[in-house]
Structure formats: structure tokens, C-alpha cells
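Participant: Sharing a model prediction with you, sequence too.
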Amino acid sequence: MTMCGHGLDRHMDHGTALTLAASHYCFFWLLSGSPAEGPGPHLPQTYATTMSMLLANGFGLSLKFSLSLAFTQHLWRLVRDTPLKMSTVDALLSLRGAPLALFDSPAIFHKASPLLFMAVLIWFMPIATGFPPGAISIMPINTTFRIADATVPTFNAPYTGDYSIGSVRAHLLAPSEHMVAVSYDKGDFQGSYLFNYFVPGKWPTLLLRRVVEKTITTRNLAIPPSPRGTNLSYHTAFYGPYLSCEESSRQRLVETKNLQETFETGYEATINMSGHGPPKRLTSLPIFDDEVLNKTVTFTIAHDELENVMTLNSTWKATFTKRVLRCTSAKAVYRVQYQYNSHTSSVEVSVDKATISPLTGGKGPLRVSAIGNSPIRLLVSPGDQLFSDIIQQSNLLAPIIHMAERLSGKLDIAWEVGGKDVSPFRSRPFRTFFRIQHDDVWGRDSLLLLLSKLCKDCPDRASNPGHNVDLDISADILNSLLINITISVIAEAGVWNTRADLYEQVWVNSYSFSRPINIILPYSLALLCCLPLISLGILSLYRNGVPAIDGGLFQLLVTTRGSQSIDKLAAQGCLGGERNIPLELKEMVVIYGQLESEVPMMPNSRVREPTRIVGFGPVDEVVPLSKVGSRNRKKDRSGKGETTWSRK
């Protein structure tokens, strides 16, 4: 029973084959999508090919080994039950390694068909294992690589310069400073000090002026260039300028008999900067206080929306809705997503509403000092928080102030009879247009309104005023314009940087599990075809009771003893070779069973009396083992005799 169990364990290699097949599939599934080359971590193609071949060959070897064991066990079961020619037995023993042996003994087709199927599967197993490595292929895949902690542009980052006036000015959108020279005479010491108070001013830099006017008139924004080639994206977050607005409205009625001399204010925008708290004198010198600091910027836009016009007894009646939008300066976190694809770029900005907070002018001026002609530097330590706050607050206010200034002004609406636009409720056709006084400074500034996104249809006299004035003014539009200005400042200035992760999309040769059928079908067919035959081998092993040795000398040596007929014929071909084998030996019909002749007692042997043995012999000299076992069981029950035999 132990020997049978040992042989059964050796037939469990089909379980190993199943495990290897599943491992091969999982290996390809995990490998799919990963790069086959490139600077990042990857499995080289040579390694992947080698591992795939090892798994496929391991699968094939496991099944071939299991089939070989099943073949051996069933072969020895067959020779116990079926008389066969010696040439047929020889062909069966060499069938797995010599397919041509099949044609030497046609009896194999009808007497040993299971063994034939096993041999065919063993022959074609390399073909089945040749397909699975082709289940994975190499193809270019658009892969995203993460570049950690790269330098990218941002807005209004903390100052990191050398604290000279020139360096500070480069990081400010509205810089100015106040200076005063003081002479002193004390004892033997005479000299002069140059006291400087660094104060962010309200006048914009040329860069900010250019960006604001360009953004308003073109209705587009400038996107910063890609920090690293094309096809990448990254995300930044920073505090940007914002307008917190409240809107109110009321209706107005205008009546006039002389339409040509009637003008109504159609648009009026004003900016107000009010201080908070009493002025703070910086020194004992009565020369300066913070008249430009601690300001809250208020931007107010009032505009009329014409609802209807009618005439009654030569009197014109027009109904307006006057809308007033009052906005105050604030700041909020911008969350910006940049995307660069080939030669195009885009940006998406969202404002975190939870971070909106009021924005004032800052913490107070800073004093800087120098003696003689030495460079003017700030008397602050590097990384001073107060100084950083002053610069950052100033840069947040500057875009708001200058955008509001460029949109500020007053424009009148003029009416003209005889226009092409006719509505059912009008008795006579008329048109409205902006009346601009070019000698009015507010009118000149408001010219930018006509080119901005606030004006959907704002014709003047120089154009063909075929439509009514149509303004679209809201807090969302103003903040959208402010966002465009801020992003454009980042692109134009290029003085602020931060760290962010870049996600670059590149075409990389990667593994693709593109043909899973190449691994599923061959492995499944091989396992399904082999499993019944392996089960047949296990059954034969169980019925034999003794595991046969596969292709060993001892197996043939101990199973061919005892038959004098075979010994005589075999002695004639003792030199070996196909030509020396007697034809009578080839044509002899033999079976494996208990030989009728007894083997004499051998000296120094455990057998103490002559006994019968099991081996190959002619049919007339052999009793089949099944009959021997039946005869022994009958004699044991009757107690009339005992036959001794042994299995080798």
C-alpha cells in the first residue's frame, strides 16, 4: 500500500502543471500595461521572455512526466491482461520516444489505443506550450510618468531674493518707495543718512498694465510655457485676488419730448480705496505716514438695462432696470490645473470658496537704510514674515486695482430715431448707442469696456449701431477676468516658482496581454485531454498494486526471468542489434503472469524452498495474475492447499 501511495504521489504532477498554467496567466496579467523599457522601473523583455518560456516548458514537462508515469502503469496493466506479440510489447516500450515504432506494430491501434493517445499527447506537447508565450506583445502605450518635486511657475510666491531694492521691485506688481536724506552734526562726527521707507504703491508696473489691458481687450489669457517638454500636466494652488460682490437693482422711468437731447447714464464704474485705523507715524520725522497702506478696495459698477420704450402724445417713455454691483477686495485659493498636449495648452482654474477672506493693504511700511552710495538694502532678516506679507498683499491688490481702474468711467446712452431695430411695442423705430466724450478722462478709460467680455453688444457712433446696448456684468464675469489676468501675469512675469509633481505622458513600449486566447486555449485543451488519461494511469497503478519502474534495466531484468522459451530465443540475439533478434522471438505471443515452472532454491536466498515466480512467458506457460489471485483465495478458504508466488 505504501508503494502504491508513492506512485500516486508521482502522478500528481498534473496539479503542478495546473499551478504553472495559472501562474503563467497571472504573470502576463500583472505584466500587462507595465513598461518594457524606459528610464523608470521596468522588466526587460529578455527577462520576461525567459520567465515565460520557463513557465511554459515547466507546464509541458509536468504533463509529459505525468503522462509518462500513466503510460508506464497502464502498459504493465495491459501486459497482465492481454496476450501480445513480443514485437508489440517492444514497440509499446519505445513508443513515447520513437513515433515511428507505431508503424512497426499496427496492433497498437486496436489493442493499446489509450497508450497511443498518451504517446500522441507527449509528442505534441511542445506545440501546445509554444503558443502561450505569444499571448503577450509589445506595443506603444501612452504612459504617465510622475516627476516629483519639479520647479513650476506660480503666482506671488514668498520673496527669496537678496533684499535689494532692485530685487524687490522685480517681485512686485506695484512697487514704490519714499526716501528722505538727513544730515547730522555731532561733535567731531559729521555725515548723512539716507532713510528709506519701502511702501507698495498703487501705480502698476508696466508689465501689469500691459497684461491687464491685453487681457481685457483680447478676452484671452496667456498660459505659462511648459516646464518640461510637451504632453504633461501639473497642479498648483496659491492665493489669488478675488472680488466679493453684492448686487442690488431698482427700476427707473424716463420721460422726454426731445429724444435727441436726452442722455442717460448707461454705465458708471468707480473705484474707492479707503484706509482703516489712524495713520501711524514711522519716525519722529514728520515726513511720512501710511497713506497708501491698510486700504480696502471697493469697485462699484452701475448700469442700466432697457426694458421697453413707448411713445404717447409725442412723449417718449423708457423703462430701465438700474443694477448696482458693489465689490470689495478679497483673496482666495486658486486651484490651477495645467495641461500641455503636443502644441496646445489649456488651464482650468477653480476657486476654493471656503478660503475667501477680506484683503487689505498690508501690515505697515518697512524702514530701509544705507550710508553714502552703498546699495540700499532692507533692514530685515531673511525670511521675515512681515516683509513677505507686505509684498504678497501688494501683489494681490495690484491686479484688482488696475483692472478696476481700466474698467472705471462713465458712458451715456443716446437714443436715435430711425434705426432698423423695430419692436412691436414701439411706435417708431429707434436705436441706442454709447455716447463717448473724448475729452473726458473717464470716457477714455471706459473705452476698454467696449472691448471686454462685459459688453455683449456695445456699438458706438463710429460703427453701425443696429442693436441696442447690451451689457453682461456679474461677479462671476469680473472674477473670471481677474483669474485670466492673474494667470497671464504668471506667464509674463516668470519670477515666482514653487514645487509640484509633474505628470508626463509619453509613448513607451509596454507589455500588452493582447491575445489571452493563446494561453487559455492550449493550456485548457492540454489539461482536459491529459486528465482522463492520467486518471486511467492512476487506476492502473491501483489495480497493479505495485508501481512499475519507467524504462529501467531492473524492471526488465526482474520481469523476464523464469521462462526457458524466452531465454533460449533471447540468447540467440545476445549481441544486440535489430538484425540479431530472432523472428520467432518477435512473433512470440506473451503475457505477464505466474510462470508454471518452479525456480529452484537459491543459496544464500531468503526463499527456503522451490517457488513459482511472476514474469513474461508464452501464453501456454503463464497463468494470468487475476486467476492466480482467485485460485489463492479459494484455497485459503478451503484450507486444502497453498500456492506460493511473489510479485516482482
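Facilitator: In hand now; what should we look at?

Participant: Give the burial count for the residue nearest to Trp507 when sequence neighbours are not counted, as a bare number.
Facilitator: Closest residue to Trp507 apart from its sequence neighbours, by C-beta to C-beta, 6 or more residues apart in numbering: Pro140 at 4.5 Å. All C-beta spots, glycine's among them, are computed from the backbone N, C-alpha and C. Close neighbours of Pro140, defined as other C-beta atoms under 10 Å, add up to 11.

Participant: residues in contact with Pro140?
Facilitator: 507-510 (C-beta atoms under 8 Å, 6 or more residues apart in numbering).

Participant: Identify those among these that sit within helices.
Facilitator: In helices, judged by DSSP state H, none of the contacts of Pro140 are found.

Participant: Of those, which is the most crowded?
Facilitator: Ser510 (21 neighbours).

Participant: Just to check, it is in contact with Gly40?
Facilitator: No - in this structure, Ser510 is not within contact of Gly40 by C-beta atoms under 8 Å, at 11.0 Å.

Participant: picking up where we left off before, what's the helix or strand for the residue nearest to Trp507?
Facilitator: According to DSSP states H and E, Pro140 maps onto strand 137-153.

Participant: Buried by neighbour count: which residues of that strand qualify?
Facilitator: By 16 or more other C-beta atoms under 10 Å, the buried positions in strand 137-153 come out as 141, 143, 150, 152-153.

Participant: In CSV, list those residues along with pLDDT and distance to Tyr592.
Facilitator: Listed next are those as CSV, based on pLDDT from 0 to 100; distance: C-beta to C-beta, whole Å:
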residue, pLDDT, distance to Tyr592
Ile141, 85, 62
Thr143, 79, 65
Ala150, 94, 79
Val152, 95, 84
Pro153, 94, 89
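
Participant: Pick the one among these closest to Leu531.
Facilitator: Taking C-beta to C-beta as the measure, Leu531 lies nearest Ile141 of the buried residues of strand 137-153, at 37.9 Å.

Participant: List the contacts of the closest one.
Facilitator: 33, 507-510, 512.

Participant: Output those as TSV; include the columns distance to Leu450 and pLDDT.
Facilitator: Putting the contacts of Ile141 into TSV (distance: C-beta to C-beta, whole Å; pLDDT from 0 to 100) gives the following:
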residue	distance to Leu450	pLDDT
Gly33	54	85
Trp507	47	86
Val508	51	87
Asn509	55	90
Ser510	54	90
Ser512	57	92
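
Participant: Looking at the residues you listed, spot the one nearest Pro224.
Facilitator: Closest to Pro224, out of all of the contacts of Ile141 and judged by C-beta to C-beta, is Trp507, at 24.7 Å.

Participant: quick one: that closest one from Thr143, how far?
Facilitator: Distance, Trp507 to Thr143, using C-beta to C-beta, to the nearest Å: 8 Å.

Participant: What are the buried residues along the longest helix anywhere in the chain?
Facilitator: Longest helix in the chain, counting residues (DSSP H): helix 45-81. By 16+ other C-beta under 10 Å, the buried positions in helix 45-81 come out as 48, 51-52, 55-80.

Participant: tilt between it and strand 137-153?
Facilitator: For helix 45-81 against strand 137-153, the angle by axes from the mean of the first three to the mean of the last three C-alpha atoms, to 10 degrees is 150 degrees.

Participant: Show me what helix 45-81 is packed against.
Facilitator: helix 2-10, helix 13-31, helix 86-94, helix 113-128, helix 517-544, strand 589-599, helix 625-638 (3 or more C-beta pairs under 8 Å, 6 or more residues apart in numbering; DSSP states H and E).

Participant: Identify each buried residue in the fourth one, please.
Facilitator: Meaning helix 113-128. 114-122, 125, 128.

Participant: one step back: rank the helices and strands packed on helix 45-81 by pLDDT, which is bottom?
Facilitator: Across these, helix 2-10 has the smallest mean pLDDT, namely a mean of 48.

Participant: and the longest strand anywhere in the chain, what's its mean pLDDT?
Facilitator: Counting by DSSP state E, the longest strand found in the chain is strand 315-341. In this model, strand 315-341 carries a mean pLDDT of 87.

Participant: Report the angle between that strand and strand 137-153.
Facilitator: Using the same axes, to 10 degrees: strand 315-341 against strand 137-153 is 120 degrees.

Participant: now the helices and strands packed on helix 45-81 in JSON lines, with distance to Arg499?
Facilitator: Shown next, in JSON lines, are the helices and strands packed on helix 45-81 (distance: least, C-beta to C-beta, whole Å):
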{"stretch": "helix 2-10", "distance to Arg499": "61"}
{"stretch": "helix 13-31", "distance to Arg499": "33"}
{"stretch": "helix 86-94", "distance to Arg499": "74"}
{"stretch": "helix 113-128", "distance to Arg499": "55"}
{"stretch": "helix 517-544", "distance to Arg499": "45"}
{"stretch": "strand 589-599", "distance to Arg499": "83"}
{"stretch": "helix 625-638", "distance to Arg499": "85"}
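
Participant: Identify, out of the ones you listed, the most deeply packed stretch.
Facilitator: helix 86-94 (a mean of 20; mean count of other C-beta atoms under 10 Å).

Participant: What angle do helix 45-81 and that helix make with each other?
Facilitator: Angle of helix 86-94 versus helix 45-81, following the same axes, to 10 degrees, is 150 degrees.

Participant: Toward the C-terminus, what is the element adjacent to helix 86-94?
Facilitator: Heading C-terminal from helix 86-94, the first helix or strand you meet, by DSSP H and E, is helix 101-104.

Participant: Contacts only, for Ser137.
Facilitator: Each residue near Ser137 by C-beta under 8 Å, 6+ apart is listed here: 511-512, 514-515.

Participant: Alright, that wraps it up for me.
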